[in-house]
Every structure is written in structure tokens, then in C-alpha cells.
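**Q** I would like the atomic coordinates for the input below:
(chains A and B)
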Protein chains: 2
Amino acid sequence: MFVARANEQDRDMTAENTQDPLVIFTPSGKRGRFPKGTPILTAARQLGVDLDSVCGGRGICSKCQVQPQFGEFPKHGVTVTPDALSEWNKVEQRYKDKRGMKEGRRLGCQATVQGDVVIDVPPESQVHRQVVRKEATARAITMDPATHLYFVEVAEPDMHEPTGDLERLAVALRDQWGIEKVTANLSILSRLQPVLRKGKWQVTVALNKDHRDDAARIVEIWPGLTEDRIYGLAIDLGSTTIAAHLTDLRNGEVKVSSGVMNPQIRFGEDLMSRVSYAMMNPGGAAEMTNAVRNAINGLTEAIATEAGIRPFQILEAVFVCNPVMHHLLLGLDPVELGQAPFALATSESVTLDARDLDLTVMNENARVYVLPCIAGHVGADAAAVALAEEPNKSDDLVLIVDVGTNAEIQLGRKGRVLACSSPTGPAFEGAQISSGQRAAPGAIERIEIDPVTKEPRFRVIGCDLWSDEEGFAQAVAATGITGICGSGIIEAVAEMRMAGILDESGLIGSAEQVGTPRCIPEGRTHSYLIHDASATGGPRIAVTQGDIRAIQLAKSALYAGARLLMDEMGVDRVDRVVLAGAFGAHISTRHAMVLGMIPDCPLDKVTSAGNAAGTGARIALCNIGARAEIERVVREITKVETAIEPRFQEHFVAANAIPHKTDPFPELAKVVTLPNVSFNTGGGEGATGGRRRRRRG
Amino acid sequence: MFVARANEQDRDMTAENTQDPLVIFTPSGKRGRFPKGTPILTAARQLGVDLDSVCGGRGICSKCQVQPQFGEFPKHGVTVTPDALSEWNKVEQRYKDKRGMKEGRRLGCQATVQGDVVIDVPPESQVHRQVVRKEATARAITMDPATHLYFVEVAEPDMHEPTGDLERLAVALRDQWGIEKVTANLSILSRLQPVLRKGKWQVTVALNKDHRDDAARIVEIWPGLTEDRIYGLAIDLGSTTIAAHLTDLRNGEVKVSSGVMNPQIRFGEDLMSRVSYAMMNPGGAAEMTNAVRNAINGLTEAIATEAGIRPFQILEAVFVCNPVMHHLLLGLDPVELGQAPFALATSESVTLDARDLDLTVMNENARVYVLPCIAGHVGADAAAVALAEEPNKSDDLVLIVDVGTNAEIQLGRKGRVLACSSPTGPAFEGAQISSGQRAAPGAIERIEIDPVTKEPRFRVIGCDLWSDEEGFAQAVAATGITGICGSGIIEAVAEMRMAGILDESGLIGSAEQVGTPRCIPEGRTHSYLIHDASATGGPRIAVTQGDIRAIQLAKSALYAGARLLMDEMGVDRVDRVVLAGAFGAHISTRHAMVLGMIPDCPLDKVTSAGNAAGTGARIALCNIGARAEIERVVREITKVETAIEPRFQEHFVAANAIPHKTDPFPELAKVVTLPNVSFNTGGGEGATGGRRRRRRG
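**A** Numbering: from 1, shown residues only, chains lettered A, B, ... in the order given. Predicted structure coming up:
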């Protein structure tokens, strides 16, 4: 922060007087001697202690509250007497009488040093306090958002020095806050004069700093000292859902998280079909752009209502999204992303005004930051995952997979990070599966198959009971048992493999071969029946040979992408695997390993990062330095394009077997023994040869 | 220019070989030795010779054409042999065959040095050629506009290095033109991909540099090498008329000048009544903003049509205007400008996109530059006058008056410039005058009164004959004689004073006192009849005592403002007077001096600068350095606010007499002897005491 810097310099030039009282700040431990009468806020600034202030020391904002400590402090080597701080002055007393203050608190800008003293800075008085993530990881975000509030007193106009109101405001910001250069657009400029007069030449301005230039933009202005809090939205714009986290820009607290379906789904379920829509329909791209912007506006409105704030208090938004969503959000035709060489219109981060994107519900002057894209298939969402998971700072070799219709894969450690995208298709999300469905109440999400009886038992979303437990039927009566979701199909296929219903090549055995009537012939292949309610008009849920093939294609693509990066890195194994995304949070790592979705690795080294892209968005929202960092990191990532790597095809074919044709899975073997069965009688369908050409999306 | 700079550095690092051929450029006289085979364009750049190139040396734009000179050049000490340049190569020959070239011309990027040579750079191949103003003054504008065209070859997308198209374009501009940083808005970005592909990775971009930061904005993009010329509009936005000059940004040539009435007139004739309209009517300011922007759009359309260009070729606009017009153009409520302390919302220059001002006819990405305002009453138009007339560079003390409803007055010379505004009111424009009218056919514009017979003769606009010349009646039959325009009323009052019809205090004598029946009683005062067509249903045109008072108020305000600046400067006389504005171009300096409008000064030192504000706008359009210069000059101008200066009132009262109560007019006395008459009989109306409070505007 500028003020701290400027004052540290001052401090350097001032010789310390050893007779002066000693001031020790906790929890930072920073200490220094200051002449009697020095305000605590001044001492804090000179020492670079993180003590907040919006009003600049006028005793009206109360952000600089501190808790002086009295008594003996052997650890610090000081004794603090009751008169170590000045008496309450009028300003401080008036604030306390009017607004109230916690017991023992003082205003740092009013209380002055009189003797040796220990000053505790409570968390709420720290600007750069660390915000621990809800997820129980070690990672914390240090608050340093792009947008801050500043209270200033502006000189009144003077006919002898007829500068404009904006220019006098700029002088006030320079003199009172050390901000050298401010800009304002016409929308702010048109409100400036009445607001200055309403506030009697005292105003609060919200300034947004850009990490790439030295100018601060005025994005909002209030008469006097505002009570308004200011917020930002961290938005994870997915192909299927749009999720947003309303974040308090003072403390990083997520006030409301909410999401809506991406209305572009009506133009195409997956990304590639949306690109096709844009290609086939004149104005189609613009239509999808309008749809997604409208949805964001609606979501913003809903979130503001839920949080009980006025939408204009939302002064920032950070977007993470895949390249197609990125282009459609920005109003760029995604057509080039649908064909080699998958050229992005722009790959660097984008910063603009909310109004440029027709995001008119939040403050129109809100600044929007879109993270950089890594490549034509590896978007700003992958950049956000990199920001959240920091493979570039990892001591061990980490593989991060974000599984969606495309899987974004990163492999790296300190010094080198690789990234690619692999076209898994939507099978992992339950699409292209005969009984597949989205994760919703009624969907089978967990499944176990007894290796002896070959009988399944399962659980459905919305019910905690297993299907063989008492009361299950009544419990699911409301939702029914409607299909299998993505995590369910993975478990089903893996369980079938472990129970000897499925062989390594991916063939389902016949009732005879397997020894259960649940294996039912379908043409020349078989399916495995999980649940049959057809007698009562309900669905018949089975895993077909086609389902197995779809999962094989998806998992082969995922594995092949990971292997390609391992080749590039020159390694045969990884130290750990991080599963990112909502999907990663729900799948069983053991089942995923049985399927051979991911390279062999100790199971306890396979973790879920939750919504890492969303976390990355929040980090970029709360810490402006993280923006410069991820832009640098993205430039340094080595991009690998699976579509043009001949070895991808080889890896893909080899990965078709379950778990794998050639690669050993020693860690998996330690915990699971797979039956050595083979159902290929020579005449049936073999393993799919070669990679089917599929559309990306 | 960047290229020249970069290459000059290269040159510094290269030791000259005295065996190398000598290349001498004319008209600059720059010379240097270059190895055989050096292209002329390269030599020019290394020497900092101003030689144009859009295609960057690819032999396709032909902007670098030069005229080699052969034979003996004793002045330069060289002999140029016929083989001093390389033979025509294929590229050059192809260009000549396809497009044709003037006899003797060569392409500077293709022809290479083979021996000592003299190279003439014709004016059309110079980027920074001087553009002589149409007005016959010494001043010239050096072309260095903010917007230039650049042809580049962009690298095709590569899946191994998946940067965005914008980023590869930026690299091309850096590598091929030395431009370090470019930005593009969404509108450009959304067109970038198809244009790059249509141009087969060759494009022409128009880049706009801001004189205050280091970024160049892409404002337009064409596939391949464009044939389009690019234009800018220099717009003088007056309260009454909007005048625009369509200027070729290559050579500064004004292709079309045109104007329209300012439609805001329907909200109020003068500025103050428009401010009142904004105060009295909610949404009134926005209404006036819309009106003026629509008018500018209409004017832009008309000008483009007249010039036969497409409006999107207009890539820049520079505005000069008074503070109220400035605020209304920008969409800022002008209410503060209507009351002390006359605070501007912003006083510095403003740069924004045409779309920000709803100027949607010209290219929406066109950059708009509005000159800074000097003070609440001294606007960007006065700044433009300062840019055109350069009082800050004058060796002698110059008084510049720009007469409108407000007079903007500047007084200065090298080292110090003062400025103020004085509320002359609209009398000089024929308003508030009983027979007054705007300058239009039928209006009396010149008048002479015989000092013996007291008979007038006059000329009307649209007819070259004087009223006492043969054929006059027929000649004016079509228009009629409809009233007196601004310059006419000034001549009428001055002639009345010279003819002894009017005394020093401004009283019109009676028929008896003056000795002519044209002096006709009106209540307790008299009027002087100029023309009476009332018998035939025509108007009766006279100068009333009220008209005299209105002119006295106006001229006193003007003179008092000038005197105030002279006081501030500590002088009693000025060396020269410049009359700016359309009005200044039409009035007779002798008559103005008789009236005492301006301080006494040799008549031949009173000149008209024509539309100096419009000239200033053109300068700022054609030369980006002039923008930085005028911003600095404006900051250094000492602003004097007449409204709060007690001495203004004194000067005003003393200036009420014609020409002046106390100040001697020795220079005037050399050319005109004023009769010493007095018509004050004690009972009549005396000179107006004190300054009437009038609204500014």
C-alpha cells in the first residue's frame, strides 16, 4: 500500500531517539520508538504495521481501532503503565458516545503514545488480514483487493485558481492518501459535482487500481463518509452452470454463494455444439452472448437481494471460464475455437467495465477482470485452478485434473508446469450413458457389487440409506430411482470390473460366464441390470456394453492426456493427483483408479480440491498481486496440444483396457485385486480399436 | 516517431566507413555514409530523415517514393553517376507496372545505395510535412497526428504456442514497427479474427497514441494493405453554430468545412439561458446534450457525404468550445457554471471514445480529444485561441479578444499570459438592439454618416453597392433591408459619435442640437433614423438611445476586462491587438477603436485572426505534441476572474464614455478627431451609472 511505503521511507530518514517510548505492535511484533504525542496510527504506518483507516486519521471511520495492553510483558521486555496512552480526546469520546466501541478499544488515530506500550491490532482493523478458505486446506488469501475506499476532504472551488472539481479531488487523494494519478469516466464525472456539494466537500471514493498501470480509477463516489460496504463477485462461468460468490472486499468474507444454469444450454449441451450453433446461425454467437450476460445480470440481482445489499455496491467481478465461454462472454465469435489451430482472439487477461459487457445490474463502473487463457482448449478456468493449486510452487510432482466435458490437465512442480486439454466427452457427467442423468435427487451416486453373488446395492442422491437397508423403498418413494449420475457410473463400471462382471478389455460377460441372471443379452453384447422397476412403470437401470465403451473412451482420453504430459516431463509416475471441480469432489478415488482414469499413485495421495477454479477466482478478486502472478505463471506454462501429438493416439488405445493394457498399477494392486477374467469368445465385439473421432466440447 | 528514434540509436552504434558511398537527402540536408546495398529507406531512417512508409519496406504501399538526383552537386561536393542506385528489382517493377509512378521516382525501400547519391524526398513522401494554413500567416502546422496507419504481417496461430491473435498482432507491431504496447477494445477484438484471416495474416491497423500514456490503441483494422485514407474532424462547437473541418490525417489538408446551427438554441439563445433551462427543467441538461450530439452526428454524415468518404474513415475528433458547451457535450450538468464560483466539473483535457459521446456516425472507436478549459468562463475555445495565436511565444505584448456573448480576453507575451472572460452580452451580435439581427442577407453591415449633412449611407449583406449608389434599390429588392447586424451597429454608433450626433457620454442629441430631422424624439430621449421603409410596409431602422446603452454596456465590459488584465500585468498600453472569431473578422478596427471597445493602439497593429479557435482545433488534430503543449500552457496561464475583482467595476464605469472617460486614446487621435459635443441638458438621462447586473452568457 502506498501510504505504508511512503512512511517507511520517512522512517528511514528519522533517527530514533532511545529516550522515546517504545511501541510494540501485536500480532506482528513490529516495534519502534516514537516521540511522546505520536498517534498510534502514525506509529503503525511508519513501522509498516497493517492498521486500517478509511478517513485518513480524522476520527470518524473507526477502522483503526486498537486494543492497548497494560501490565508486565516479560516477553517484550516492557512494562505498560495505565498512562501509556493519552487521555480520551473530544473526537474519540464523541465517536464512542455516538457509535459505541468495544471495551478497551481506542481509536489509533486519536490515542497518542505517552509511554512504552503494547498495542494489539484486532483482525477487523487489519487491511491485509488473511482469509482462511472454507475448505480445510493450508492455503489462505491475503486481502489486497484492487478496490479500496478512501475518505477525502476536497478543497472548495476558488475563482482565483479555477481548477475543476475532479482536479481538486485528485489533489486531495494525492495529498491525503499519496495516490498519484486518478481517472474518472463520464458516468462518475457527471455525478461528481452534486456529490461533492452534498458531502460538503467531504466524500468517500472507491478507487480501483489496475495491476498493469499506475492509474487508479474512481468507480464510485459517496457524499461524506459512507457506511456502505463494497463487494466483488467471483464468477465461475461454466458451460452448464454459472456460480458466483459475493465477497466482501474489506475482509474477503463470502456473503452469499449462488448459481444458475447457463441458459446457453438451449443452444447446445456441450461447448462444441454451441460453437456449431454460432457457425450455422447468423447472429447466433451474439444470441448466446446476450443469454449469458442476461443470466449473469439475473444472478447478480438474486445474490444482491439474498445478501440484502444494493447491487451498485458490487464494484468488481472476476471471471473464470473455458475459452468458448470466455469468447461468448466477451462477445467474440467462438468459431475459431471449433477448428484447428484453435486460435483465441486474445489469450491475455482482460480488464474492462461492467457496462462494456452489458452487466448493468452490478455497478456499471464495476471493473471486470477475466483471467488469461492458457491455450485454445485450456481456458481461464484452468488458469484459476493453477492459481488455487499452485503446481508451479509444488515440491513434488502433482497432476491436477479438472474433469468436465473437456478435461483440463496440468502436471508440474517448481520450475516447470505443463498443461493440456483432453476431449473426454460428457460420459463422466452421465450423458451418453443409457441410464445416465445429471446429479439430482433420484440418481444413483454410489454402488457396490458383491464379488460372490454379483448382486448390487446402491445409494441415490437425496437418501442416506443403501438400497438393501430397511426403509429404503419408502425413503426414495418421493424422488424415485431415476438413473445413474456421473460418479455412479464410474463406481458401477469399476465395481463390475472388481466383481468379475467386466473383463480387462471392457467386455461384459454373459449370465453364464459371470454367473448371474443380471447379465442380460442385448444383441451380441450384454448389459448388467442394476435396478428394474419396469413392472411398476418405473425405469429399468442397467449398464450396457455401449455405456462401458463411452466410459472407456472418456477415461482413455483423460489418461492419455495425463500420460502425454508425463512423457513431455520425462516421468513414469506422479507423486500426487488432485481432482478439481465438482465432479472431482464426488468421485471415489479408488474406483477412479480401478477404471484407470488417472495414473497409478498411492490412493492417499489422490485428493479433491473442490471447486478449484472458483477458488482461483476468489483469490484473484481478493488479491490484486495474484493477478500479476497468474498472468506470469500462465505465460510460463508449457502448452501441449493433444490434437496434434501422435503419441496421444497410442496412449489412448493402450488406455482403453481397464485399468490399462500395458502400464502397471502397482499402488492400485496393493489395495485391490482385480479378477483375471476374459469374456472375448472371438466372435463378439472387441475393444474399440483406435480413437473414435469425436467432437470436442 | 518511434522508428526513427530506434534507428538513430542503431546508427550511433555503427562506425561509419569512409569508403562507403555518401547519401545526401534533400531538402533536409541530412547525410551519412552507408554500405553498398543499403536500401534508401533504411538510410533515411538511420539519419532521422522524414520518409514515410506504411507497409514497412515491403514495396507495396509506395509511400516511401523518392526522387534521386544525378549529376554534379558542387554544393554538396558530390557527383552522382547514373549507377548510383541499384537496378529496378522485381518488386519495384511490379509496383510501377501495376500502379504507375511519376517519372524519375524510385521506391525508397527497394532501391539500394551503390554510389554517392543525392535523394530528394518529395513533400508527399514526408510524414511530418508542414501544412501551411490557408490564412496568410507565418504559422504552419507540422503533421504529427495521434493516428497513423501501420501495415503488418502477423504470425499465424500455432498450436504449440497458443497465444491469441491479438497478442500475435502486438508482437508484429513491436517487431515490425517498434510499437511496444497496444490495446484493443471489444469492438476491435470482435472483428480481429475474421479480418486477419481475410487479409491472409496481413492487415493494416490504425493506431491512436495518447500523448499522456505509452499505449497505442487499435482504432480500426483492415485486411491487407488498405487504400482507405483516414480523417479527423476539428470541431468548433459554438453556442450558435457548430463548425467542423474534415481533415486528411496524412497531410493535414482540409477536405470539407461545414457547419450547422447549434440546435440548443431552442432551449435558450445565450449560454446563461441554457444553464437556466438545465436548472429549471429536470432532464433539461440531458435533453440539450442529446440535441448537440445529434447535430454533430448529422453534421458528420453531411460532411462525409460531401467529401465522398465513408464515415467510419473518421478516426479522430478534436473539440473546442466554451465551458457550458463543453459540459453539455460531455453530458455534465452545467448548473455550477451558472453561479459563483463557476466550478468546472473537470478543467483538464478529456480524451475518450466517440461512442462514449454517442457520436455513432463517425467511427465508434474514433478518439475524441477535448481541449482543456482555462477557467469556469474561459473555455477550451480560449485554449484553442491560445494554441493558434501563441501569446506565450509573443515578443511584444499582445491582447487577444474573442468577442461573442462572452468575450474571452488574453493578454501576454513570453513568460506570462493572463486570461479572463467578460460578460459583454449579445449586443455585439445584434441582439438586444432594437433593429438588430443576425448577420444575414438584408442586414446593414457597413454605415457611414456625413459629418456635415448628418446623412447616412450604408451597405447591406448580399449587395456590394452603397445605399446612395445607382441600382441599390433594385439590388436589395430581393432581400429587403431588414435590420442591423453586429458589425453594422458598431459602425453606426461610432459614425454617430464621429458625426457629432452622439456625445462622449453616449447621449443622442435632438434634431435641434444635431441639426438633422433624423434625430427623432422618443419619450425623453432621441433616436437616429437610418432607413425608413414604413411607408411601403417595410421596417423603420433607427438607432435608439437604448441601443446606445446596450452597446455601451457591452463595450465597457470588454474594455474593462482588457484593462483588468493590463493592471494585473502592470502596463498602460499594449503593443498589438488580435481580434479573434468570426465577429473580429468583420468589424472595422477604426470604428471599434472610436467606440473604445479595445485599448488604444496603432490601428495597423489591430489585426483579425479569423476563426482562431477553429485553427487551434486543427492544430491539436494534426499535431499530438500541440496537445501536451496547450495543456502545459493552460496550466501556466494566470486566470483573472472579473466577477470578483472590485477594479473591474471601476474600469467598467470609466469605460462607459465613448471612447473613454479618462484613458487617453493618442493613437486614435492621430487618425480621427472626435467632435467635442455634449447633449446633457441636466434633465435628461445621463450616462448609466454603475454596472448593470446582467446575466452572463
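**Q** burial of the closest residue to chain B within the stretch 501-650 of chain A, as a residue count?
**A** As assessed by Cβ to the nearest Cβ, chain B sits closest to residue A:641 within the stretch 501-650 of chain A, at 3.9 Å. To be clear about C-beta, it is placed using only N, CA and C from the backbone, and glycine gets the same treatment. Neighbour count of residue A:641, defined by other Cβ atoms under 10 Å in any protein chain shown: 22.
**Q** Can you get me a residue count around residue A:498?
**A** Residue A:498 sits with 19 neighbouring residues when counted by other Cβ under 10 Å.
**Q** wouldn't it be in contact with residue A:454 here?
**A** No: using Cβ atoms under 8 Å, residue A:498 is not in contact with residue A:454; the gap is 10.9 Å.
**Q** how about the residues of the stretch 301-450 of chain A that lie near chain B?
**A** Residues of the stretch 301-450 of chain A lying close to chain B (Cβ under 8 Å from any Cβ of the partner chain) are A:330-333, A:335-336, A:340-348, A:352, A:356, A:373-376.
**Q** Can you flag the buried ones in the residues you listed?
**A** Using 16 or more other Cβ atoms under 10 Å in any protein chain shown as the burial test, these include A:330-333, A:335-336, A:341-348, A:356, A:373-376 as buried.
**Q** hmm, back to that, so the residue of the stretch 501-650 of chain A closest to chain B touches residue B:160, yeah?
**A** Yes: assessed by Cβ under 8 Å, residue A:641 is found in contact with residue B:160 at 6.6 Å.
**Q** Name the nearest residue to residue A:588, ignoring sequence neighbours.
**A** residue A:491 (5.9 Å; Cβ to Cβ, 6 or more residues apart in numbering or on different chains).
**Q** now the one you found, what's its secondary structure?
**A** Per DSSP: H, G, I helix; E, B strand; the rest coil, the local secondary structure of residue A:491 is helix.
**Q** Can you give me the buried ones in stretch A:660-667?
**A** Residues of stretch A:660-667 classed as buried: A:660, A:663, A:665, A:667 (neighbour count, 16+ other Cβ under 10 Å).
**Q** Which stretches in the stretch 251-400 of chain A count as helices?
**A** Assigned by DSSP state H, counting those that start in this stretch, the helices in the stretch 251-400 of chain A fall at A:271-280, A:284-307, A:323-330, A:380-389.
**Q** Quick one: those helices as JSON lines, columns for mean pLDDT too.
**A** Formatted as JSON lines, the helices of the stretch 251-400 of chain A follow (pLDDT from 0 to 100):
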{"stretch": "helix A:271-280", "mean pLDDT": "92"}
{"stretch": "helix A:284-307", "mean pLDDT": "96"}
{"stretch": "helix A:323-330", "mean pLDDT": "97"}
{"stretch": "helix A:380-389", "mean pLDDT": "95"}
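**Q** before we move on, back to that, and the buried residues of stretch A:660-667, which is closest to chain B?
**A** Distances from chain B to the buried residues of stretch A:660-667, taken by Cβ to the nearest Cβ, are shortest for residue A:663, at 26.2 Å.
**Q** and that closest one, which of the three is it?
**A** Under three-state DSSP, the three-state class of residue A:663 is coil.
**Q** got a list of what it touches?
**A** With contact set as Cβ atoms under 8 Å, 6 or more residues apart in numbering or on different chains, residue A:663 has these partners: A:563, A:596, A:599, A:600, A:654, A:655.
**Q** and what of residue A:168?
**A** By Cβ under 8 Å, 6+ apart, the neighbours of residue A:168 are A:154, A:155, A:157.
**Q** Then residue A:102?
**A** By Cβ under 8 Å, 6+ apart, the residues touching residue A:102 are A:65, A:67.
**Q** Now do residue A:367 against chain B, distance only.
**A** Taking Cβ to the nearest Cβ, to the nearest Å as the measure, residue A:367 falls 14 Å from chain B.
**Q** count of neighbours near the residue nearest to residue A:261 when sequence neighbours are not counted?
**A** Leaving aside its sequence neighbours, residue A:261 sits nearest to residue A:241 (Cβ to Cβ, 6+ apart; 5.9 Å). When neighbours are defined as other Cβ under 10 Å, residue A:241 has 13 of them.
**Q** now swap in residue A:607 and tell me
**A** So residue A:607, with other Cβ under 10 Å, has 15 neighbours.
**Q** before we move on, what about residue A:421?
**A** The burial count for residue A:421: 29, using other Cβ under 10 Å.
**Q** got it, and residue A:171?
**A** For residue A:171, the count of nearby residues is 15 (other Cβ under 10 Å).
**Q** pull the helix or strand with minimum mean pLDDT from chain A.
**A** Within chain A, confidence by mean pLDDT, DSSP states H and E is lowest for helix A:2-13 among all helices and strands, at a mean of 35.
**Q** What's the first helix or strand after that one?
**A** strand A:22-26 (DSSP states H and E).
**Q** Show me the contact partners of that next one.
**A** If you take Cβ under 8 Å, 6+ apart as the criterion, strand A:22-26 is touched by A:30-34, A:38, A:40, A:43-44, A:47, A:49, A:51, A:69, A:73, A:76, A:78, A:113, A:116-121.
**Q** try stretch A:563-571
**A** With Cβ under 8 Å, 6+ apart, stretch A:563-571 has contacts from A:397, A:399, A:409-412, A:416, A:418-420, A:572-574, A:599, A:638, A:640, A:642, A:645, A:647-648, A:651, A:655, A:663.
**Q** Just the ones of the contacts of strand A:22-26 in helices?
**A** Of the positions in these, A:40, A:43, A:44, A:47 sit in helices, assigned by DSSP state H.
**Q** Looking at these, which is nearest residue B:185?
**A** Using Cβ to Cβ, residue A:44 comes nearest to residue B:185 of the ones in helices among the contacts of strand A:22-26, at 42.1 Å.
**Q** What segments of the stretch 551-697 of chain A are helices?
**A** Per DSSP H, counting those that start in this stretch, the stretch 551-697 of chain A carries helices over the ranges A:581-586, A:589-595, A:612-622, A:624-636, A:646-654, A:666-671.
**Q** ok and the longest one relative to helix A:612-622, angle-wise?
**A** Spelled out, it's helix A:624-636. 130 degrees (axes from the mean of the first three to the mean of the last three Cα atoms, to 10 degrees).
**Q** buried stuff in helix A:624-636?
**A** For helix A:624-636, using 16+ other Cβ under 10 Å, the buried residues are A:624, A:626, A:627, A:629, A:630, A:631, A:633, A:634.
**Q** Please list which of those residues are also close to chain B.
**A** Restricting the buried residues of helix A:624-636 to those touching chain B (Cβ under 8 Å from any Cβ) yields no residues.
**Q** Is it possible to get JSON lines of those that adds pLDDT?
**A** Compiled in JSON lines, these are given as follows (pLDDT from 0 to 100):
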{"residue": "A:624", "pLDDT": "95"}
{"residue": "A:626", "pLDDT": "95"}
{"residue": "A:627", "pLDDT": "96"}
{"residue": "A:629", "pLDDT": "95"}
{"residue": "A:630", "pLDDT": "96"}
{"residue": "A:631", "pLDDT": "97"}
{"residue": "A:633", "pLDDT": "96"}
{"residue": "A:634", "pLDDT": "96"}
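**Q** out of the buried residues of stretch A:660-667, who's nearest residue A:391?
**A** Among the buried residues of stretch A:660-667, and counting by Cβ to Cβ, the member closest to residue A:391 is residue A:667, at 20.6 Å.
**Q** Go ahead and confirm the closest one touches residue A:601.
**A** Yes: counting by Cβ under 8 Å, residue A:667 does reach residue A:601; the two are 5.7 Å apart.
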